[in-house]
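Participant: Everything below, folded, please.
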Amino acid sequence: LLSQNLTGNVFTKTGYIFSGWTDWTTWYTDGQEVINLTTTNNDIITFTAQWTPITYKIDFSWNATNVSGTQAPINAEYDSWDLAPNSSFTRTGYTFTWWNTQADWSGTWYATWATLKNLTTTGGATVTLYAQWKANTYTVTFDVNGWNALTPNTWAVTYDAAYWTLPSPNREGYTFNGWYTDATAWTEVKSTDTVKITQDTILYAHWTQKSSWWSGGSWWSG
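Facilitator: Predicted coordinates:
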C-alpha cells in the first residue's frame, strides 16, 4: 500500500523531449504518484523513460536578386528524414545547383533529393537552406557581315560577366565600326558590356566604306 511519487527526470536525449515513464503496462507522467505496482515481496519495477522527437521547420531562400517562384517549407521531425527538393525558383541567366546551410556556400551542401536529417537539435527552430546558382554559359558567333570569317569565330561567354576584348577585323576599303546585335540595327556591343543574353547569339560587324579618289595615276582611299 506504500505510495511514492516518481522522481523528476534527470536524463537528456539529443533531439528529444522527455514525455513520461512506463513500466510497459501503464504510462506515468513525471512526478506522478504510484502505488501497488506489484504483490511480490522485494520485486523490482523498472520505469523506462519515454521520448518525443522535436519538430522544426526547413525553409528555403532565393539567396539572390531577380529570382521568382516559391518553395514550400518542410515540417521536419528529429531522426526522421526528408528529401531536399528540386528548386522551383527561377533566375534569369542562372541554373540552380545545390542547397547550402549558409548563404555564402560555406556550410553543408545538399544536392536535389539528398537526405535532410537532424538539421537542428532545437525544437521549434527554423533552418534555412539557401539556393546556390551557377551563371549560364552561351556561345557568341562573330559574323563579319560580308567579309572573310574570323578564326576562331565563336566564344563562350558567361552571364553577368563582361565580354572579353572583342576582335577587330580588317576589311580592305572599309573602316570597322564595331560589333552589333543585328546586321542592320545599331545596338553596339563593347568589351566592357555585361553579358545579358539568354541564348546562343550572333554579333555582326558593321563597316563604313572609305572614300576613294584618283590621283597621280593611282586610286587612293581614306
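Participant: Surely Gly124 and Asn75 touch.
Facilitator: No. With contacts counted by C-beta atoms under 8 Å, Gly124 stays clear of Asn75, the gap being 11.1 Å. All C-beta spots, glycine's among them, are computed from the backbone N, C-alpha and C.
Participant: what sits in contact with each of these two?
Facilitator: Residues touching both Gly124 and Asn75 by C-beta atoms under 8 Å, 6 or more residues apart in numbering: Thr55.
Participant: three-state assignment of Asn177?
Facilitator: Local secondary structure at Asn177 is given as strand here, using DSSP: H, G, I helix; E, B strand; the rest coil.
Participant: Was I right to think it contacts Trp207?
Facilitator: Yes. With contact defined as C-beta under 8 Å, Asn177 counts as touching Trp207 (6.3 Å).
Participant: Neighbour count for those two, which is higher?
Facilitator: Under the criterion of other C-beta atoms under 10 Å, the comparison of Asn177 against Trp207 puts Trp207 first, with 17 against 12.
Participant: For the more buried one, what are phi and psi?
Facilitator: Torsion angles at Trp207 (phi, psi; degrees, to the nearest 10) stand at phi -130, psi 150.
Participant: Can you tell me who it pairs with across the strands?
Facilitator: On the basis of DSSP bridges, Trp207 takes part in beta bridges with Phe176.
Participant: how far is stretch 137-147 from where the chain is centred?
Facilitator: Taking C-alpha atoms, centre = their mean, to the nearest Å, one finds stretch 137-147 lying 32 Å from the centre of the chain it belongs to.
Participant: Give me the mean pLDDT for that stretch.
Facilitator: Across stretch 137-147, the average pLDDT comes to 88.
Participant: Quick one: residues contacting Thr52.
Facilitator: By C-beta under 8 Å, 6+ apart, the residues touching Thr52 are Tyr16, Ile17, Phe18, Ser19.
Participant: ok, 6 Å please
Facilitator: Contacts were defined as C-beta atoms under 6 Å, 6 or more residues apart in numbering; by that measure Thr52 touches Ile17, Ser19.
Participant: separation between Asp104 and Leu116?
Facilitator: Plainly put, Asp104 is 20 Å away from Leu116 if you go by C-beta to C-beta, to the nearest Å.
Participant: So for these two, which sits in the more crowded spot?
Facilitator: Leu116 (18 against 9).
Participant: Now do the same for the more buried one: helix, strand or coil?
Facilitator: Judged by three-state DSSP, the three-state class of Leu116 is strand.
Participant: surely it meets Asp82?
Facilitator: Yes. With contact defined as C-beta atoms under 6 Å, Leu116 counts as touching Asp82 (4.6 Å).
Participant: Identify the contacts common to these two.
Facilitator: What both Leu116 and Asp82 touch, as defined by C-beta under 6 Å, 6+ apart, is an empty set.
Participant: Check Lys208 and give its pLDDT.
Facilitator: Quick fix: residue 208 is Thr, not Lys. Looking at Thr208, its pLDDT reads 89.
Participant: Next, count neighbours for it.
Facilitator: Neighbours of Thr208 under the rule other C-beta under 10 Å: 9.
Participant: What is the burial count for the nearest residue to it once chain neighbours are set aside?
Facilitator: Using C-beta to C-beta, 6 or more residues apart in numbering and skipping the chain neighbours, the partner closest in space to Thr208 is Thr175 (4.7 Å). The burial metric for Thr175, expressed as a neighbour count using other C-beta under 10 Å, is 13.
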